[in-house]
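>>> The amino acid sequence is not available; the structure is as follows:
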Ligand code: GDP
Ligand code: IMO
Ligand code: MG
């Protein structure tokens, strides 16, 4: 029995879905513990690309049970769409989806509030995914939220939602003119809530039952360390704790039960939305990474900002999460570069969660390998320059690399 977590070490989109899917072979359960439909985890199997937002990436493998844990914020409409999409592809989901009855519910009101708050911030906007994440977590912390357990009583749910709408209009957060559109969305929300009701259960007992049965459990993080509400680049962050400390509260397990934590890092850095990004490239090299890496958001389709690998952030992420090993993804994207830079530290001693906007990156330059590595499956068969690059990252992060991803496909991974 083991519990293994896979978490993002940067600003999200590191390839967590791909790594979780690859590791699923040895697991019986995959669990999400935070976030919601702001996540977009891409898995490519043959020609078929699937983007998962709320369902754990284990859902694509037949015998894996999937838990949507207590720390998540769940949007029934979006979840229903995801489930419908999978059943269209003949993936059996019955008995495999377990939603915590204590998880909070994202309602159409939260999504409207997310969009209007962003609009009101003007040039200070965070660039959220507009999935209602911030407003839903705000309600949770204010102790006014709706939880999955509340979806079981539809008439009470209706009156609570209508009350919330009245309050939001009175407070001036939602316009009277938006009311009719919202009422239409409420209908979809009630329908979806009814449909997902059978999946709602006590996942605390379930997780502990799995642990007692000696099952291998994979924990799938969403977003990344620098988007963490406490340890990220505040205020340009998401509204949950994305780091390993939250695994315990998000699933209801003790800190000693997690055996290993893999930090997933892209071989370079990307970011979607606003906020500091010390190694961002406003140059042809940045365009190269964006194009070759096909860096578009999996949820919002926005172009991702691109830059060099930042080991100062990497070291920080290792400390905050206690990563026991590292997975480097998208190494193949660097294939055609003659030279590759890595930021080793900040020259002025800036600290990630404190004054990242002041950081002055110090770079070293390494030679590229100028050949395709997509077919390599053994570390020893990588070009010497690629090995040097990986060894340098490993040394800077003072953490062993356990996995190297060299392409989008499930099998394009090197295990060390
Ligand atoms: P996640 O949110 O961390 O799961 O990552 P996303 O799915 O949002 O973004 C990662 C993107 O990179 C997806 O389009 C993946 O298919 C793709 N990807 C993952 N690993 C690799 C890799 O090793 N090489 C290449 N070229 N693409 C990859
Ligand atoms: P995955 O799981 C990348 C970013 C948004 C925005 C900020 C706040 O696919 O790695 P939110 O909607 O959460 O309130 O937005 O966080 N963001 C992500 N960026 N990957 C994600 O998830 C993200 N989820 C949120 O772009 O900057
Ligand atoms: Mg993503």
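The structure has been received and is ready for your questions. Just so we're clear, the structure is a prediction, and the values are computed from it rather than from any experiment. Ligands and ions are numbered 1, 2, ... in the order given.
>>> Which single residue in the stretch 51-200 of the chain comes nearest to ligand 1?
Here the stretch 51-200 of the chain gets closest to ligand 1 at one residue, residue 51, 6.9 Å apart by Cβ to the nearest ligand atom. From N, CA and C alone the C-beta is placed, and that goes for glycine too.
>>> Sheet partners, orientation included, of whichever strand or helix holds that residue?
Using DSSP states H and E, residue 51 sits in strand 48-52. Here strand 48-52 is paired, per DSSP bridges, with strand 41-45 (antiparallel).
>>> Please compute how far the strand it pairs with lies from its chain's middle.
Distance of strand 41-45 from its chain centroid, counting by Cα atoms, centre = their mean, to the nearest Å, is 13 Å.
>>> Over to stretch 121-139?
The answer for stretch 121-139 is 16 Å, by Cα atoms, centre = their mean.
>>> doesn't residue 19 fall inside a strand?
No: assessed with DSSP: H, G, I helix; E, B strand; the rest coil, residue 19 is helix; it does not lie in a strand.
>>> quick one: contacts for it?
6, 262, 264, 327, 329, 403, 405, 413 (Cβ atoms under 8 Å, 6 or more residues apart in numbering).
>>> just those that are near ligand 1?
329, 405 (Cβ under 6 Å from any ligand atom).
>>> Which of the contacts of residue 19 fall in strands?
Mapping those onto strands (DSSP state E) picks out 6, 262, 264, 327, 329, 403, 405, 413.
>>> and the first one, how many neighbours does it have?
Using other Cβ atoms under 10 Å, residue 6 has 25 other residues around it.
>>> got a list of what it touches?
Applying Cβ under 8 Å, 6+ apart, we find residue 6 in contact with 16, 19-20, 23, 218-221, 262, 264, 327.
>>> biggest separation within those, which pair?
Spatial extent of the contacts of residue 6 (Cβ to Cβ) is set by the pair 219 and 327 at 14.1 Å.
>>> so what pLDDT did residue 299 get?
Predicted confidence (pLDDT) for residue 299: 84.
>>> Also residue 353?
The model reports residue 353 with a pLDDT of 94.
>>> May I have the phi/psi pair for it?
Backbone torsions of residue 353, given as degrees, to the nearest 10, read phi -90, psi 0.
>>> Mind checking the pLDDT average for the helix or strand just after the strand holding residue 51?
Using DSSP H and E, the next helix or strand after strand 48-52 towards the C-terminus is strand 65-68. For strand 65-68, mean pLDDT rounds to 98.
>>> cool, stretch 267-284 as well?
So the average pLDDT for stretch 267-284 ends up being 97.
>>> How about stretch 105-124?
96.
>>> going forward, begin numbering at 7 instead of 1
All right, first residue 7 from here; so that's stretch 111-130.
>>> does any part of that stretch sit near ligand 2?
No: contact of stretch 111-130 with ligand 2 (Cβ under 6 Å from any ligand atom) is absent, the minimum separation being 6.9 Å.
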